[in-house]
Every structure is written in C-alpha cells, then in structure tokens.
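Participant: Kindly return the folded structure for what I paste below:
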Amino acid sequence: MSLSLLLPSALAALAAVLLPVLIHLSRRSERTLTDFAAMRWLDAKLRPRRKLVFQELPLLAVRLLLLALLAVFLAQPVLLAPAKPAHWLLVVPGADIGAAENLPEGKHVQRHWLAPGFPAIDRPPAAVRTGTGSLLRELDAVLPATTKLTVFVPERMSGLDGERPRLSRVVDWRVLPGKMPDVPEPAAPPAIRLAVRYQPGHASDLRYLRAVHSAWQSGVPVSERKALDLADTNSPLPDKNAYLIWLADGALPKAVRQWVQAGGRAVVTNETTLPALAWLDSAWLAADGKPLLKSAVLGQGRVWQWQRAFLPRNMPELLDPEFPERLRSLIAGDFPAPDQSLASLQKPRTGLSAWPESPESLSPWLALLVCVLLVLERWMAAAKHRWGGA
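Facilitator: Purely as a prediction, here's the structure:
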C-alpha cells in the first residue's frame with residue numbers, strides 16, 4: 001500500500017501557511033502603558049526589549065493545519081493498494097453449469113453471470129442482453145491484472161460483434177451444453193417507397209419488380225404500406241425518400257444524375273450508360289462468383305448497376321425467394337451482420353496491454369476533514385476566552 005499524488009505541483013500552495021503566522025505576529029494584544037515615579041530615573045535612551053511571542057497557539061495550529069490540508073487536497077492524493085487475489089467465474093446465460101466439472105473453489109472465487117451489470121449467479125440475469133465480447137472487454141478493463149477469469153459458454157453463441165475480443169489476460173474458456181436465449185424477433189422494417197421509371201422495351205421486367213414491392217410491404221401494417229410508383233421515363237422523378245429503379249437503355253439523364261447527387265438512391269440496368277464513377281467492391285456476387293450488382297457513390301447519393309440482363313436465364317437470382325429481401329437490405333443499407341458462431345471458435349485472444357489499476361481517491365475524506373477543521377477554527381476564533389502562549 002502506497003500513497004501518491006496525482007497533481008504534486010499543487011503542493012506549492014503550502015506557502016499559504018505563512019499567512020496565519022504573519023497575521024498572528026501583526027495582531028498583538030493591546031497593552032495600556034502606566035507611568036510610575038521610578039521611570040524618570042531611567043535613561044531616556046533605554047527601550048524595553050521586544051520578545052517574539054505567538055499568542056493563541058491552538059488557534060494558530062488549527063489554521064496552519066487547515067491550510068496544509070487544503071494544499072494536499074488540491075494535490076489529489078490517492079492510495080495504491082495491492083490487489084487482493086481473486087477469481088471470477090462467469091457464466092453466459094444458456095450454458096448448463098450443472099454439466100461443468102472441476103469448478104474453481106475457495107473464498108476468493110466470485111460467481112457472476114456474463115450479463116449487463118454482472119449479477120451474482122444466485123440471481124437471474126436481466127432480460128436485456130449485450131454482446132459477450134463487449135462485456136469481457138469491460139471486465140478486463142476494470143478488474144485488477146491479477147484477477148483470473150473462467151468463462152462457461154454454451155456450445156453455440158449469438159449476439160457477437162464480428163471480432164474475437166482481445167484481452168490483457170488469459171481466459172479459461174470452457175464450453176458446456178446449451179444455447180443462448182433466443183433473440184427477440186426484430187421489429188418489422190419500415191415500408192419502403194419504390195419508384196420505377198421504365199422504357200417500353202423493359203415492360204416485361206415490371207412483373208419481377210411488382211413481386212419485389214409486394215414482398216417489401218409484407219409485415220407492414222396496412223395503414224403504413226406504400227403504393228408502387230410506376231411510370232415511364234418521361235414522368236417526374238419521386239422525392240428523395242423513395243428508392244428509384246431505372247429501366248432504360250442509353251445514357252443516364254442529367255435530371256436523374258442530379259436527383260442521385262442530391263441524396264437519392266437508384267438502381268439501373270446493365271444497359272444504362274453511367275459517367276465515370278469510382279466503383280466500390282461488388283455489392284452482390286452471383287452463384288458463379290462473378291459480380292451481379294456493383295455500387296458507387298455519386299455526390300451525396302448512391303447508384304447501383306446490375307451487371308447482367310434483367311432476365312431469369314441471365315440472372316437466376318430473380319426467381320430466388322430471398323431476392324426481394326436481399327435487394328432491400330442492399331439499397332436500404334440495413335443488411336444484418338452475422339452474429340452467431342460456435343463457442344469453441346470464440347475464445348478471447350491475448351496481447352492487449354494490461355489496464356492500469358484504478359487508485360482509491362482520498363479526496364472525499366480530506367474534504368470532510370477540512371470542513372471539520374473549518375468549523376473548529378471559526379468556533380475558536382469567535383470564543384470569548386482564548387488560550388494564550390508564552
């Protein structure tokens with residue numbers, strides 16, 4: 001156990017202890033001079049010697065101590081205590097802890113759920129679930145470096161954040177039978193406004209887009225469903241809240257380019273000529289591994305272009321039941337990331353630097369002591385009878 005200061009330069013305030021000393025020296029008790037006859041025989045040049053006297057020594061001591069404590073308080077003292085040996089046993093909800101063998105025992109073993117708040121194992125965890133990786137990183141940051149971690153996990157894990165956690169300590173990772181609680185079904189996606197602008201030569205493609213629009217409206221309350229905005233290429237463009245599908249050959253009209261640049265999202269055919277764009281990685285790969293849909297940023301908006309003709313013989317994905325949902329996820333930007341894995345593949349890695357231990361601040365106790373001394377100093381200063389010193 002050791003004492004340290006977070007702001008040692010604040011000790012310069014200790015120079016303020018000179019103020020009470022100077023005040024006590026300057027404020028001497030009043031004396032009344034009385035002449036008597038023998039004084040006339042003394043030499044006029046003689047003067048009585050003055051002696052340095054501190055009066056009211058207890059009050060002076062309290063004031064000096066008060067200022068010294070204020071200076072120490074400003075220096076922010078902390079207490080660094082050696083960490084006590086501990087062992088945390090963590091259970092991921094869903095793991096069959098009854099099947100565990102060789103459980104850690106001893107008075108230093110603490111059993112908790114690996115859940116928000118880390119409740120004790122004898123209490124049920126909260127219904128709200130956070131990713132196990134985030135919880136392990138939080139524990140690794142707040143627990144002393146000497147604390148051991150043993151984690152019991154079910155065979156299959158969900159709610160992962162896409163990366164195995166990297167910690168500053170080795171974790172005893174034990175896989176048990178069981179599965180994590182089912183994740184509640186996500187809320188139905190909001191209705192999407194779909195606008196299609198087409199040339200007569202692409203009229204046969206509309207049946208697939210009608211099926212896509214119908215699938216997008218399923219699960220949406222009837223009162224919130226959006227009608228399909230279907231018109232030829234000479235019709236006005238929709239507002240920016242709609243997604244545009246452009247079924248036309250030749251160069252993309254200037255009005256459509258400006259619509260996308262202002263923040264719109266559009267999907268065009270493989271026969272649409274686009275300006276030079278910086279294409280991103282292929283947004284969708286076909287079964288043969290070749291690009292099916294590419295995307296690029298255009299101004300503040302986004303444009304996607306099919307790489308094949310919009311026909312089932314060229315694009316078998318059109319007949320896939322998952323085609324509407326996949327397309328919606330791509331252009332709406334809400335394609336869910338994978339969050340499930342075998343627990344045996346999710347053992348945390350090591351290599352992260354150990355987090356510094358949090359010291360215990362002594363400032364609250366010093367503040368309380370300063371308040372007590374301040375009250376005492378005021379009481380002593382206002383007392384009618386004070387102590388004196390030679």
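Participant: wouldn't residue 135 be in contact with residue 114 here?
Facilitator: Yes: judged on CB atoms under 8 Å, residue 135 makes contact with residue 114 at a distance of 5.4 Å. The way it works is simple: take the backbone N, C-alpha and C, and place the C-beta from them, glycine included.
Participant: for the chain, what helix or strand is lowest in average pLDDT?
Facilitator: Of all helical and strand segments in the chain, the minimum by mean pLDDT, DSSP states H and E falls on helix 18-26, at a mean of 73.
Participant: and the helix or strand following that one, which residues are buried?
Facilitator: Next along the chain after helix 18-26, taking DSSP states H and E as the criterion, comes helix 57-74. Under the neighbour-count criterion of 16 or more other CB atoms under 10 Å, helix 57-74 has 59-60, 62-74 buried.
Participant: Determine how far helix 57-74 lies from the middle of the whole chain.
Facilitator: When distances are taken as CA atoms, centre = their mean, to the nearest Å, helix 57-74 is centred 42 Å away from the chain's centroid.
Participant: Help me confirm that residue 360 comes into contact with residue 79.
Facilitator: Yes: taking CB under 8 Å as the definition, residue 360 is a contact partner of residue 79 at 4.6 Å.
Participant: residue boundaries of the helices in the stretch 151-300 of the chain?
Facilitator: 206-217, 254-261 (DSSP state H, counting those that start in this stretch).
Participant: CA atoms only: put the last one into CSV for me.
Facilitator: By that I understand helix 254-261. Output of helix 254-261 as CSV, limited to C-alpha atoms (Å, rounded to 0.1, in the frame of the first residue of the first chain):
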residue,chain,number,x,y,z
LYS,A,254,-29.0,14.6,-66.3
ALA,A,255,-32.1,15.0,-64.2
VAL,A,256,-31.6,11.5,-62.7
ARG,A,257,-27.9,12.2,-62.1
GLN,A,258,-28.8,15.4,-60.2
TRP,A,259,-31.5,13.5,-58.3
VAL,A,260,-28.9,11.0,-57.1
GLN,A,261,-26.3,13.6,-56.4
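Participant: From residue 66, how far off is residue 268?
Facilitator: 78 Å (CB to CB, to the nearest Å).
Participant: ugh, wrong one, I meant residue 148
Facilitator: Counting by CB to CB, the separation of residue 148 from residue 66 is 46 Å.
Participant: can you check residue 72 too?
Facilitator: With the distance defined as CB to CB, residue 72 ends up 11 Å from residue 66.
Participant: Mutual contacts of the two, please.
Facilitator: Residues touching both residue 72 and residue 66 by CB atoms under 8 Å, 6 or more residues apart in numbering: none at all.
Participant: Need the nearest residue in space to residue 326, chain neighbours excluded.
Facilitator: Once flanking residues are discounted, residue 326 sits nearest to residue 284: 7.1 Å by CB to CB, 6 or more residues apart in numbering.
Participant: who's in contact with that neighbour?
Facilitator: Residue 284 is in contact with 291-293, 326, 330, counting by CB under 8 Å, 6+ apart.
Participant: repeat that for 7 Å
Facilitator: 292-293, 330 (CB atoms under 7 Å, 6 or more residues apart in numbering).
Participant: Also residue 5?
Facilitator: Going by CB under 7 Å, 6+ apart, residue 5 touches 75-77.
Participant: Give me the buried subset of those.
Facilitator: Neighbour-count burial (16+ other CB under 10 Å) applied to the contacts of residue 5 gives 75-77.
Participant: want to try CSV for those, with distance to residue 237 and pLDDT as columns?
Facilitator: Output for those, formatted as CSV (distance: CB to CB, whole Å; pLDDT from 0 to 100):
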residue, distance to residue 237, pLDDT
75, 67, 87
76, 62, 86
77, 68, 86
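Participant: out of the residues you listed, who's nearest residue 340?
Facilitator: The closest of the buried ones among the contacts of residue 5 to residue 340 turns out to be residue 76 (CB to CB; 46.8 Å).
Participant: Over to the closest one: give its phi and psi.
Facilitator: Phi and psi for residue 76, reported as degrees, to the nearest 10, are phi 50, psi 70.
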